[in-house]
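A.B. asks: Provided below for reference: sequence and predicted model.
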Amino acid sequence: MSATIIDGKAFAATVREKVAVHVSRLKEQNGITPGLAVVLVGEDPASQVYVRSKGKMTVEVGMNSYEHKLDIDTSEADLLTLIDTLNKDPAVHGILVQLPLPKHLDEDLVINAIDPAKDVDGFHISNVGLLGTGQKSMVPCTPLGCLMMLRDHHGSLSGMDAVVIGRSNIVGKPMAQLLLGDSCTVTIAHSRTKDLPEVVRRADIVVAAVGRPEMVPGDWIKPGATVIDVGINRIDAPEKGEGKTRLVGDAHYESCAEVAGAITPVPGGVGPMTIACLLANTVTACCRANGLEEPEGLTA
Ligand SMILES: Nc1nc(=O)c2c([nH]1)NC[C@@H]1CN(c3ccc(C(=O)N[C@@H](CCC(=O)O)C(=O)O)cc3)C=[N+]21
(Lines give C-alpha, C1' and ligand atoms only; values in the text may rest on other atoms or scores of the structure.)
Protein backbone atom coordinates (compact mmCIF):
# COMPACT_ATOMS: atom_id res chain seq x y z
CA MET A 1 0.00 0.00 0.00
CA SER A 2 1.17 3.49 -0.73
CA ALA A 3 -0.10 6.42 1.30
CA THR A 4 -2.09 9.38 0.05
CA ILE A 5 0.04 12.47 0.54
CA ILE A 6 -1.84 15.14 2.46
CA ASP A 7 -0.66 18.32 0.76
CA GLY A 8 -0.45 20.84 3.59
CA LYS A 9 1.04 23.47 1.33
CA ALA A 10 -1.90 23.36 -1.07
CA PHE A 11 -4.43 23.12 1.77
CA ALA A 12 -2.83 26.11 3.50
CA ALA A 13 -3.25 28.12 0.29
CA THR A 14 -7.01 27.39 0.32
CA VAL A 15 -7.23 28.42 4.00
CA ARG A 16 -5.42 31.69 3.23
CA GLU A 17 -7.80 32.21 0.31
CA LYS A 18 -10.79 31.90 2.67
CA VAL A 19 -9.10 34.28 5.10
CA ALA A 20 -8.56 36.79 2.29
CA VAL A 21 -12.26 36.66 1.34
CA HIS A 22 -13.26 37.43 4.94
CA VAL A 23 -10.70 40.20 5.22
CA SER A 24 -12.04 41.95 2.12
CA ARG A 25 -15.59 41.57 3.45
CA LEU A 26 -14.53 43.12 6.77
CA LYS A 27 -12.92 46.00 4.94
CA GLU A 28 -15.79 46.67 2.55
CA GLN A 29 -18.78 46.06 4.81
CA ASN A 30 -17.38 47.14 8.16
CA GLY A 31 -14.44 49.39 7.39
CA ILE A 32 -12.19 47.22 9.56
CA THR A 33 -8.77 45.85 8.60
CA PRO A 34 -7.60 42.99 10.82
CA GLY A 35 -4.12 43.58 12.26
CA LEU A 36 -1.52 41.11 13.53
CA ALA A 37 1.40 42.18 15.72
CA VAL A 38 4.43 39.89 15.87
CA VAL A 39 7.04 40.43 18.56
CA LEU A 40 10.52 39.00 18.10
CA VAL A 41 13.13 39.32 20.84
CA GLY A 42 16.69 38.71 19.67
CA GLU A 43 18.11 37.70 16.33
CA ASP A 44 17.79 33.93 16.08
CA PRO A 45 18.12 33.36 12.31
CA ALA A 46 15.41 30.65 12.13
CA SER A 47 12.98 32.86 14.07
CA GLN A 48 13.75 35.77 11.75
CA VAL A 49 12.85 33.62 8.74
CA TYR A 50 9.50 32.58 10.29
CA VAL A 51 8.66 36.12 11.32
CA ARG A 52 9.40 37.42 7.83
CA SER A 53 7.27 34.73 6.23
CA LYS A 54 4.38 35.43 8.66
CA GLY A 55 4.57 39.16 7.88
CA LYS A 56 4.56 38.54 4.13
CA MET A 57 1.53 36.24 4.26
CA THR A 58 -0.33 38.59 6.61
CA VAL A 59 -0.04 41.36 4.03
CA GLU A 60 -0.89 38.97 1.18
CA VAL A 61 -4.31 38.20 2.69
CA GLY A 62 -4.97 41.93 3.07
CA MET A 63 -4.33 42.35 6.80
CA ASN A 64 -2.06 44.83 8.53
CA SER A 65 1.22 43.44 9.86
CA TYR A 66 3.05 45.09 12.73
CA GLU A 67 6.52 43.74 13.44
CA HIS A 68 8.28 44.59 16.68
CA LYS A 69 11.92 43.55 16.77
CA LEU A 70 13.47 43.95 20.17
CA ASP A 71 17.04 43.70 21.30
CA ILE A 72 18.19 40.36 22.75
CA ASP A 73 18.70 41.91 26.20
CA THR A 74 15.35 43.70 26.36
CA SER A 75 14.11 43.73 29.96
CA GLU A 76 10.97 41.91 31.01
CA ALA A 77 9.46 45.25 32.08
CA ASP A 78 10.00 46.73 28.60
CA LEU A 79 8.50 43.69 26.90
CA LEU A 80 5.48 43.81 29.21
CA THR A 81 5.06 47.52 28.44
CA LEU A 82 4.98 46.76 24.71
CA ILE A 83 2.42 43.98 25.24
CA ASP A 84 0.28 46.37 27.27
CA THR A 85 0.41 48.91 24.44
CA LEU A 86 -0.59 46.26 21.88
CA ASN A 87 -3.38 45.00 24.17
CA LYS A 88 -4.84 48.52 24.19
CA ASP A 89 -4.32 49.24 20.48
CA PRO A 90 -7.67 48.83 18.66
CA ALA A 91 -5.87 48.31 15.32
CA VAL A 92 -4.20 45.17 16.70
CA HIS A 93 -6.49 42.13 16.79
CA GLY A 94 -3.83 39.45 17.19
CA ILE A 95 -0.56 39.37 19.13
CA LEU A 96 2.13 36.72 18.70
CA VAL A 97 5.29 36.69 20.79
CA GLN A 98 7.77 34.48 18.97
CA LEU A 99 9.02 31.60 21.13
CA PRO A 100 11.42 30.59 22.53
CA LEU A 101 12.27 33.79 24.39
CA PRO A 102 15.80 34.54 25.66
CA LYS A 103 16.41 32.81 29.01
CA HIS A 104 16.20 35.92 31.19
CA LEU A 105 12.53 36.38 30.22
CA ASP A 106 9.75 34.39 31.93
CA GLU A 107 7.81 32.87 29.05
CA ASP A 108 4.68 32.04 31.08
CA LEU A 109 4.55 35.52 32.56
CA VAL A 110 4.92 37.17 29.15
CA ILE A 111 2.35 34.95 27.39
CA ASN A 112 -0.17 35.45 30.19
CA ALA A 113 0.21 39.23 29.89
CA ILE A 114 -1.36 39.10 26.41
CA ASP A 115 -5.07 39.92 26.26
CA PRO A 116 -6.60 36.41 25.84
CA ALA A 117 -8.90 37.78 23.12
CA LYS A 118 -5.80 38.77 21.10
CA ASP A 119 -3.81 35.62 21.93
CA VAL A 120 -3.78 34.17 18.40
CA ASP A 121 -1.30 31.46 19.49
CA GLY A 122 -3.84 30.18 22.02
CA PHE A 123 -1.11 29.85 24.67
CA HIS A 124 -2.68 32.05 27.40
CA ILE A 125 -3.82 30.00 30.43
CA SER A 126 -7.34 31.27 29.95
CA ASN A 127 -7.47 29.94 26.36
CA VAL A 128 -5.92 26.66 27.50
CA GLY A 129 -8.66 26.34 30.13
CA LEU A 130 -11.42 27.25 27.68
CA LEU A 131 -10.17 24.67 25.16
CA GLY A 132 -9.91 22.02 27.89
CA THR A 133 -13.52 22.59 28.92
CA GLY A 134 -14.86 22.72 25.36
CA GLN A 135 -15.63 26.43 25.40
CA LYS A 136 -14.99 28.98 22.66
CA SER A 137 -11.29 29.92 22.74
CA MET A 138 -8.33 30.82 20.58
CA VAL A 139 -6.90 27.48 19.44
CA PRO A 140 -3.12 26.91 19.01
CA CYS A 141 -2.23 27.15 15.32
CA THR A 142 -0.29 23.92 14.78
CA PRO A 143 -2.88 21.58 16.34
CA LEU A 144 -5.67 23.52 14.61
CA GLY A 145 -3.95 23.01 11.26
CA CYS A 146 -3.56 19.28 11.98
CA LEU A 147 -7.25 19.02 12.91
CA MET A 148 -8.31 20.77 9.70
CA MET A 149 -6.28 18.33 7.59
CA LEU A 150 -7.64 15.32 9.49
CA ARG A 151 -11.26 16.50 9.14
CA ASP A 152 -10.72 17.21 5.46
CA HIS A 153 -9.26 13.74 4.87
CA HIS A 154 -11.63 11.65 7.04
CA GLY A 155 -14.79 13.68 7.36
CA SER A 156 -15.78 12.54 10.86
CA LEU A 157 -13.06 11.47 13.34
CA SER A 158 -15.62 10.04 15.77
CA GLY A 159 -14.54 6.80 17.45
CA MET A 160 -11.09 6.72 15.89
CA ASP A 161 -8.06 5.73 17.97
CA ALA A 162 -5.59 8.62 18.04
CA VAL A 163 -2.09 8.57 19.49
CA VAL A 164 -0.30 11.86 20.02
CA ILE A 165 3.42 11.41 20.56
CA GLY A 166 4.67 14.38 22.57
CA ARG A 167 3.14 16.24 25.52
CA SER A 168 4.18 19.84 24.91
CA ASN A 169 1.88 22.72 25.82
CA ILE A 170 2.07 24.12 22.29
CA VAL A 171 1.29 20.95 20.31
CA GLY A 172 0.77 17.63 22.14
CA LYS A 173 -1.66 18.67 24.86
CA PRO A 174 -3.90 20.97 22.76
CA MET A 175 -3.84 18.40 19.91
CA ALA A 176 -5.17 15.78 22.33
CA GLN A 177 -7.92 18.16 23.47
CA LEU A 178 -9.00 18.83 19.89
CA LEU A 179 -9.05 15.12 18.98
CA LEU A 180 -11.08 14.43 22.13
CA GLY A 181 -13.43 17.22 21.09
CA ASP A 182 -13.96 15.35 17.81
CA SER A 183 -14.71 12.16 19.77
CA CYS A 184 -11.48 10.26 19.17
CA THR A 185 -10.15 7.84 21.78
CA VAL A 186 -6.96 9.68 22.63
CA THR A 187 -3.63 8.48 24.01
CA ILE A 188 -0.80 10.89 24.77
CA ALA A 189 2.52 9.07 24.52
CA HIS A 190 5.89 10.48 25.56
CA SER A 191 9.48 9.64 26.45
CA ARG A 192 8.44 7.50 29.43
CA THR A 193 5.71 5.57 27.64
CA LYS A 194 6.12 1.80 27.99
CA ASP A 195 6.33 -0.03 24.67
CA LEU A 196 5.77 2.98 22.44
CA PRO A 197 5.78 0.88 19.23
CA GLU A 198 2.84 -1.21 20.50
CA VAL A 199 0.93 1.91 21.58
CA VAL A 200 1.45 3.54 18.18
CA ARG A 201 0.43 0.32 16.35
CA ARG A 202 -3.08 0.62 17.81
CA ALA A 203 -3.65 4.05 16.30
CA ASP A 204 -5.85 5.02 13.37
CA ILE A 205 -4.33 8.50 13.68
CA VAL A 206 -0.72 9.13 14.70
CA VAL A 207 0.39 12.68 15.45
CA ALA A 208 4.17 12.82 15.84
CA ALA A 209 5.25 15.93 17.77
CA VAL A 210 8.45 15.27 19.66
CA GLY A 211 11.15 17.01 17.68
CA ARG A 212 13.30 13.92 17.13
CA PRO A 213 14.30 13.38 13.51
CA GLU A 214 12.69 10.29 11.90
CA MET A 215 11.99 8.59 15.24
CA VAL A 216 8.77 6.86 14.09
CA PRO A 217 9.56 4.02 11.66
CA GLY A 218 7.02 2.46 9.28
CA ASP A 219 6.79 -0.78 11.25
CA TRP A 220 5.13 1.12 14.14
CA ILE A 221 2.28 2.17 11.86
CA LYS A 222 -0.96 0.20 11.53
CA PRO A 223 -1.64 -0.42 7.84
CA GLY A 224 -3.95 2.30 6.53
CA ALA A 225 -3.45 4.68 9.47
CA THR A 226 -3.06 8.44 9.01
CA VAL A 227 0.29 9.96 10.01
CA ILE A 228 0.44 13.67 10.84
CA ASP A 229 4.08 14.69 11.11
CA VAL A 230 4.55 17.84 13.18
CA GLY A 231 8.34 17.64 13.43
CA ILE A 232 10.51 20.02 11.44
CA ASN A 233 14.11 18.92 11.98
CA ARG A 234 17.12 20.10 10.06
CA ILE A 235 19.68 17.32 9.65
CA ASP A 236 22.98 16.95 7.82
CA ALA A 237 22.67 15.80 4.22
CA PRO A 238 26.19 14.88 3.08
CA GLU A 239 24.63 13.18 0.01
CA LYS A 240 23.67 16.67 -1.21
CA GLY A 241 27.23 17.90 -0.79
CA GLU A 242 29.50 18.99 2.00
CA GLY A 243 27.86 21.09 4.72
CA LYS A 244 24.39 20.69 3.16
CA THR A 245 21.29 20.03 5.26
CA ARG A 246 17.72 18.93 4.69
CA LEU A 247 14.42 19.03 6.60
CA VAL A 248 12.90 15.83 7.97
CA GLY A 249 9.93 15.14 10.21
CA ASP A 250 9.55 13.05 13.35
CA ALA A 251 8.30 10.17 11.18
CA HIS A 252 10.56 8.21 8.87
CA TYR A 253 8.76 9.29 5.71
CA GLU A 254 9.64 6.55 3.21
CA SER A 255 8.90 3.60 5.50
CA CYS A 256 5.76 5.19 6.98
CA ALA A 257 4.41 6.07 3.54
CA GLU A 258 4.61 2.38 2.58
CA VAL A 259 2.13 1.30 5.27
CA ALA A 260 0.11 4.42 6.12
CA GLY A 261 -3.16 5.27 4.39
CA ALA A 262 -2.24 8.96 4.42
CA ILE A 263 0.74 11.03 5.53
CA THR A 264 1.79 14.67 5.71
CA PRO A 265 5.21 15.45 4.18
CA VAL A 266 7.96 17.61 5.69
CA PRO A 267 8.36 20.26 4.41
CA GLY A 268 4.99 21.10 2.88
CA GLY A 269 2.73 19.52 5.50
CA VAL A 270 1.95 20.89 8.94
CA GLY A 271 4.30 23.92 8.72
CA PRO A 272 2.38 25.91 6.09
CA MET A 273 -0.90 25.08 7.87
CA THR A 274 0.47 26.60 11.10
CA ILE A 275 0.93 29.97 9.43
CA ALA A 276 -2.43 29.76 7.62
CA CYS A 277 -4.14 29.08 10.98
CA LEU A 278 -2.37 32.05 12.54
CA LEU A 279 -4.02 34.24 9.90
CA ALA A 280 -7.34 32.45 10.41
CA ASN A 281 -7.13 33.07 14.17
CA THR A 282 -6.43 36.76 13.56
CA VAL A 283 -9.60 37.12 11.47
CA THR A 284 -11.57 35.20 14.10
CA ALA A 285 -10.20 37.46 16.85
CA CYS A 286 -11.07 40.55 14.79
CA CYS A 287 -14.65 39.38 14.24
CA ARG A 288 -15.12 38.56 17.93
CA ALA A 289 -13.65 41.91 18.99
CA ASN A 290 -16.18 43.69 16.81
CA GLY A 291 -19.19 41.53 17.64
CA LEU A 292 -19.35 40.24 14.07
CA GLU A 293 -20.17 36.77 12.81
CA GLU A 294 -17.12 34.52 12.70
CA PRO A 295 -15.88 32.96 9.50
CA GLU A 296 -17.04 29.37 9.13
CA GLY A 297 -14.57 26.51 8.78
CA LEU A 298 -11.63 28.47 10.14
CA THR A 299 -12.03 27.56 13.81
CA ALA A 300 -12.24 24.31 15.77
N1 LIG B 1 4.70 32.09 19.38
C2 LIG B 1 5.07 31.26 18.43
N3 LIG B 1 4.17 30.73 17.59
C4 LIG B 1 4.55 29.88 16.58
O5 LIG B 1 3.68 29.40 15.81
C6 LIG B 1 5.95 29.57 16.44
C7 LIG B 1 6.84 30.16 17.33
N8 LIG B 1 6.39 30.98 18.32
N9 LIG B 1 8.17 29.90 17.25
C10 LIG B 1 8.72 29.10 16.18
C11 LIG B 1 7.72 28.08 15.69
C12 LIG B 1 8.05 27.47 14.34
N13 LIG B 1 6.90 27.74 13.50
C14 LIG B 1 6.83 27.35 12.18
C15 LIG B 1 5.82 27.73 11.33
C16 LIG B 1 5.81 27.37 9.99
C17 LIG B 1 6.82 26.61 9.46
C18 LIG B 1 6.83 26.25 8.02
O19 LIG B 1 6.01 26.73 7.24
N20 LIG B 1 7.77 25.39 7.55
C21 LIG B 1 7.94 24.97 6.18
C22 LIG B 1 9.40 24.84 5.81
C23 LIG B 1 10.21 26.04 6.12
C24 LIG B 1 11.68 25.83 5.78
O25 LIG B 1 11.98 25.49 4.63
O26 LIG B 1 12.50 26.00 6.72
C27 LIG B 1 7.30 23.63 5.93
O28 LIG B 1 7.18 22.85 6.88
O29 LIG B 1 6.95 23.35 4.79
C30 LIG B 1 7.82 26.20 10.30
C31 LIG B 1 7.82 26.56 11.63
C32 LIG B 1 6.01 28.50 14.20
N33 LIG B 1 6.42 28.72 15.45
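C.D. replies: It's in.

A.B. asks: can we go C-alpha only for contacts and neighbour counts from here?
C.D. replies: Noted.

A.B. asks: regarding the closest residue in space to I188 that isn't next to it in sequence, what is its secondary structure?
C.D. replies: Setting aside the residues directly before and after it, I188 is nearest to V164 in space (C-alpha to C-alpha, 6 or more residues apart in numbering), at 4.9 Å. What DSSP: H, G, I helix; E, B strand; the rest coil gives for V164 is strand.

A.B. asks: pretty sure V164 contacts T193?
C.D. replies: No - if you go by C-alpha atoms under 8 Å, V164 and T193 don't touch, sitting 11.6 Å apart.

A.B. asks: looking at those two, which has the bigger crowd around it?
C.D. replies: V164 (25 against 11; other C-alpha atoms under 10 Å).

A.B. asks: what's the average pLDDT for stretch 38-52?
C.D. replies: Averaging the model's pLDDT scores along stretch 38-52 yields 93.

A.B. asks: element containing the residue in the stretch 101-250 of the chain positioned nearest to the ligand?
C.D. replies: Residue of the stretch 101-250 of the chain nearest the ligand, by C-alpha to the nearest ligand atom: D121 (5.8 Å). Using DSSP states H and E, D121 falls within no helix or strand.

A.B. asks: neighbours around it, how many?
C.D. replies: For D121, using other C-alpha under 10 Å, the count is 25.

A.B. asks: so who does it touch?
C.D. replies: Counting by C-alpha atoms under 8 Å, 6 or more residues apart in numbering, D121 touches I95, L96, M138, V139, P140, C141, L278.

A.B. asks: show me the shaky parts of the protein.
C.D. replies: 1 (pLDDT under 70).

A.B. asks: spell out which residues of it are next to the ligand.
C.D. replies: 96-99, 121, 266-272, 274-275 (C-alpha under 6 Å from any ligand atom).

A.B. asks: just checking, H68 is part of a strand?
C.D. replies: Yes - secondary structure of H68 (three-state DSSP): part of a strand.

A.B. asks: now what about the longest helix anywhere in the chain, what contacts it?
C.D. replies: Assignment by DSSP state H gives helix 8-30 as the longest helix of the chain. The contact list for helix 8-30 (C-alpha under 8 Å, 6+ apart) reads 32-34, 61-63, 149, 264-265, 268-273, 276-277, 279-280, 283, 295, 298.

A.B. asks: next, the buried residues of that helix.
C.D. replies: In terms of neighbour count (16 or more other C-alpha atoms under 10 Å), helix 8-30 has its buried residues at 8-9, 11-12, 15-16, 18-20, 22-24, 26.

A.B. asks: just to revisit the earlier point, in strands, which of the contacts of D121 appear?
C.D. replies: I95, L96 (DSSP state E).

A.B. asks: and the end-to-end length of stretch 158-178?
C.D. replies: 12 Å (C-alpha to C-alpha, to the nearest Å).

A.B. asks: starting at the chain centroid, how far to that stretch?
C.D. replies: Stretch 158-178 sits 13 Å away from the centroid of its parent chain (C-alpha atoms, centre = their mean, to the nearest Å).

A.B. asks: also stretch 119-138?
C.D. replies: That offset, for stretch 119-138, works out to 14 Å (C-alpha atoms, centre = their mean).

A.B. asks: so for that stretch, what gets flagged as buried?
C.D. replies: In stretch 119-138, counting by 16+ other C-alpha under 10 Å, buried: 119-124, 126-128, 130-132, 137-138.

A.B. asks: now do the residue of the chain most remote from its centre against P267, distance only.
C.D. replies: In the chain, counting by C-alpha atoms, centre = their mean, E242 sits farthest out from the average C-alpha position, at 32.5 Å. Noted for E242: a distance of 21 Å to P267, by C-alpha to C-alpha.

A.B. asks: over to V97?
C.D. replies: From V97 to P267 the distance is 23 Å (C-alpha to C-alpha).

A.B. asks: just P45 next, same as before
C.D. replies: Distance from P45 to P267, by C-alpha to C-alpha: 18 Å.

A.B. asks: which of those two has more neighbours?
C.D. replies: Legend: neighbour count by other C-alpha under 10 Å for P45 and P267, higher for P267 (20 against 9).

A.B. asks: list the contacts for the more buried one?
C.D. replies: P267 touches I232, L247, V248, G249, counting by C-alpha under 8 Å, 6+ apart.
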